[in-house]
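> quick one: sequence plus predicted model below, questions after.
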Amino acid sequence: MKKIILVRHAKSSWEHDVIDHERPLNERGFKDANLVSIELKKSYLSVDLVLSSDAMRAKTTANIFISNLGINSSIVHLNHDLYDFSGANLTKVIKTCDDSINKLILFGHNHAITAFVNTYGSSYIDNVPTSGVVVIEFDITNWKNLNKGKTIQTLFPRDLK
């Protein structure tokens, strides 16, 4: 059995004159990431690996969750391939995870996150919002055999306000 906790990065700011990769979070992004990660802590089980896009907004979101969930930084890895909007690289990264990893938390971007949860999850989600979390379980032992799983939890900021 494998489990993925997918997190779409928090709301980013467009106020700064920076390239897309370096865009920071805005005030709402910080608040929502804290709100959702604190709520996730209530049902959170430890994870074996944390993967995040290396974009500023994804890294910052990951750091908020890592801090609030008490995750050891030694299992955190940035991956430029997760700076992906189509979902092809996201799926490739997941399928190449070591099979010793059973619980994975992944921080990425839309459209990739929404496409993945609608392809591999059991519940259709029109759009995973910023700071949104979707947890999917897979009845597999090897990540390369990734197939349709079961969506077991969604956690969106709007549901907590």
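Everything's here; your move. Just so we're clear, the structure is a prediction, and the values are computed from it rather than from any experiment.
> strands of the protein, start to end?
With DSSP state E as the criterion, the chain has strands at 2-8, 49-52, 76-78, 103-108, 133-138, 150-155.
> which one, of these, ends up nearest to Ala88?
Nearest of these to Ala88, taken as CB to CB: strand 103-108 at 12.1 Å. C-beta: built from backbone N, CA, C; applies to glycine.
> and the helices in this protein?
Remark: helices assigned in the chain by DSSP state H are 27-40, 56-69, 88-95, 112-120.
> want to throw those helices into CSV with mean pLDDT and mean neighbour count?
Output for those, formatted as CSV (pLDDT from 0 to 100; neighbours: other CB atoms under 10 Å):
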stretch, mean pLDDT, mean neighbour count
helix 27-40, 97, 19
helix 56-69, 97, 22
helix 88-95, 96, 17
helix 112-120, 97, 21
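> of these, which approaches Lys161 most closely?
It is, among these and with distance given as CB to CB, helix 27-40, at 7.6 Å.
> now the angle from that closest one to helix 56-69?
40 degrees (axes from the mean of the first three to the mean of the last three CA atoms, to 10 degrees).
> show residues contacting helix 27-40.
With contacts defined as CB atoms under 8 Å, 6 or more residues apart in numbering, helix 27-40 is touched by 5, 7, 9-13, 25, 57, 60-61, 64-65, 67-69, 130-133, 155-157, 160-161.
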